[in-house]
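Prediction below, plus the sequence it came from.
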Amino acid sequence: MSLHPDTLPLLHGLVDGELDAANTIAIEAHLRSCPDCRAELEQIQAVRELIAAAPLREHAPDNLHKRIELMIDAEAGPAPRSHAASRPSPMPGRFAWAGGGAAAHVLSGRWLSGAATGMIAASLALAVVMPQMAHTDVEDQLVQSHVRSLLVGHLVDIPTSNRHVVKPWFNGKVDFAPSVPELADQGFPLVGGRLDYIDNHEVAAIVYRRHLHVINLFVRPAHTLSLPGEVTTHHDGYSIVRWTTGGLEYWAVSDVEMGDLKLFRQTYLARAQ
């Protein structure tokens, strides 16, 4: 196996759902062309499932707390009590101490120092690697298509606010059926639809408005490695929201505030059929 070391942090971030839109697209594109990294991703997912299913929690014997207290008392010996120490413990007779020894070392959290150092180092490595992997022009293409639709007066191929006209218009033009709900009563009137070209494939572009602003909703089949859930980002001054549902990937692009675009996504999903 020839795993690319610089992709390993991104694989873990992909499984944990911690990547932004740019890095999600970058690693998904890499996985489509790298069987070794796909195998590593499958192994990470398998290990995660095994850990989640494993009975890792062990119940301590009933007398363990008492034995630990006796050991600590014997090691610490008598000590002067300060005014603060004389206050009653919220758990009388159990861990009402701050002495030394192995148990105090454990409860002080010092045993975590090695793990914490490793986590910090991994986070720094991820911060360095992620910008290098974010070489994708999909967001560039989305913004360019959005701007181009406004500049050349080619906003829609089928100008109508009737979803029963827009939805069947895509039949035979793309090999999927995007939902075209009417959202005018929610402040997002339907303008129409058109064909566009993103990432070397034809996509459906469904056009809505928010007051004087245009929202281009680009729809295409979701890749098998696409993750569910919402991804929000800003690109060249434009708001972008991405989500997947029903085997399709949706990209909403507009110059509206991000809050409006999130509201559009929420309203669209509630009305989509």
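Yep, it's here. Numbers count the residues shown, from 1 in each chain.

where does the stretch 51-200 of the chain have low pLDDT?
For the stretch 51-200 of the chain, residues meeting the criterion pLDDT under 70 lie at 56-58, 77-136.

All the helices of this protein, residue numbers only.
All helices of the chain, identified by DSSP state H, fall at 8-16, 21-33, 35-53, 64-76, 101-107, 113-133, 138-151, 163-169, 258-271.

and those as TSV, adding distance to residue 230 and mean neighbour count?
Just so you know, the C-beta spots here come from the backbone N, C-alpha and C atoms, and that holds for glycine as well. Formatted as TSV, those follow (distance: least, Cβ to Cβ, whole Å; neighbours: other Cβ atoms under 10 Å):
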stretch	distance to residue 230	mean neighbour count
helix 8-16	16	19
helix 21-33	10	19
helix 35-53	21	13
helix 64-76	45	13
helix 101-107	40	13
helix 113-133	19	12
helix 138-151	15	17
helix 163-169	23	17
helix 258-271	7	16
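
Columns distance to residue 198 on top of those helices, output as a markdown table?
Shown next, in a markdown table, are the helices of the chain (distance: least, Cβ to Cβ, whole Å):
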| stretch | distance to residue 198 |
| --- | --- |
| helix 8-16 | 21 |
| helix 21-33 | 11 |
| helix 35-53 | 24 |
| helix 64-76 | 61 |
| helix 101-107 | 55 |
| helix 113-133 | 20 |
| helix 138-151 | 5 |
| helix 163-169 | 19 |
| helix 258-271 | 18 |
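
Out of those helices, which is closest to residue 235?
helix 138-151 (4.6 Å; Cβ to Cβ).

surely residue 157 meets residue 192?
Yes: Residue 157 lies in contact with residue 192 (Cβ atoms under 8 Å); the separation is 7.3 Å.

Which one's more surrounded, the two?
residue 192 (20 against 16; other Cβ atoms under 10 Å).

show me the contacts for the more buried one.
Taking Cβ atoms under 8 Å, 6 or more residues apart in numbering, we find residue 192 in contact with 155, 156, 157, 158, 159, 160, 161, 166, 207.

which of the residues you listed sit farthest apart?
Applying Cβ to Cβ across those, the maximum distance is between 157 and 161, 14.6 Å.

Residue 260 and residue 188, how far apart?
Between residue 260 and residue 188 the distance is 9 Å, computed by Cβ to Cβ, to the nearest Å.

Provide a list of residues in contact with the closest residue to residue 249 other than its chain neighbours.
Closest residue to residue 249 apart from its sequence neighbours, by Cβ to Cβ, 6 or more residues apart in numbering: residue 222 at 4.1 Å. Neighbour list for residue 222: 244, 247, 248, 249 [criterion: Cβ under 8 Å, 6+ apart].
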